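1. This is a predicted model, with the sequence first.
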Amino acid sequence: MSTTVFNIPRELRDPFFFTDDKLKFNESQIKPCNPLFAFEILYYNGENVNPVPWMVQGAFAKDIIRDWKKEEDHIKALFRSRSKNVLESMRKSIGGFYLLLYWTNKQPVNLDNWQSTVERFSLKPVNVVERLTFIRDNPALYHSYIQLAQLFEEQHKQYAKYLALNQSANK
């Protein structure tokens, strides 16, 4: 189980998520949210990604939602105890929302000019760019956590509706 050092590709260079331009992780043990954007880091670095999560979304979307539910309880407890350590959990959860948003739209996450890309998505919550910008600008606010929880719920509903409509259309 060797770890490899990967360059953070231009498509993911965002100081909100990465303070360094390299990330070390074990390719054989990645999960959708751990390390954050690992599939995209491999993909943009020209590595073989199999399966490609944004093309075989179903199970991966469920994993992201499950991870969010666990993290949501943790964040709720941090806010309840007025902990100052909420920032890292919020950052991870915001990244998880990007994964859900992009992957349910069959795209790898690309944080370079993400606002205009997200505007073109067919599956997205109402005012997602404005809401996500607010959350990113104020990740330690309780209201940001509430907005993030609502975004996850709305995107999950949009995706479930999309799956239901496509399933009935394919019968």
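-> Done, it's in.

2. Outline the domain layout of the chain.
-> Using automatic domain parsing, the domain parsing of the chain gives 4-44, 57-169.

3. Dump the ones you listed into a markdown table; add mean neighbour count and distance to Asn50 as well.
-> For glycine as for every other residue, the C-beta is placed from the backbone atoms N, C-alpha and C. A markdown table is the format used below for the domains of the chain (neighbours: other Cβ atoms under 10 Å; distance: least, Cβ to Cβ, whole Å):
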| stretch | mean neighbour count | distance to Asn50 |
| --- | --- | --- |
| domain 4-44 | 16 | 10 |
| domain 57-169 | 16 | 13 |
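
4. mind putting the ones you listed in a markdown table, mean pLDDT included?
-> Converted to a markdown table, these look like this (pLDDT from 0 to 100):
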| stretch | mean pLDDT |
| --- | --- |
| domain 4-44 | 91 |
| domain 57-169 | 94 |
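
5. Now tabulate these in JSON lines and tack on distance to Pro51.
-> Putting the domains of the chain into JSON lines (distance: least, Cβ to Cβ, whole Å) gives the following:
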{"stretch": "domain 4-44", "distance to Pro51": "9"}
{"stretch": "domain 57-169", "distance to Pro51": "8"}
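
6. Which stretches in the protein count as strands?
-> 4-7, 22-25 (DSSP state E).

7. how about the helices in this protein?
-> 38-44, 57-80, 86-103, 114-119, 128-137, 142-169 (DSSP state H).
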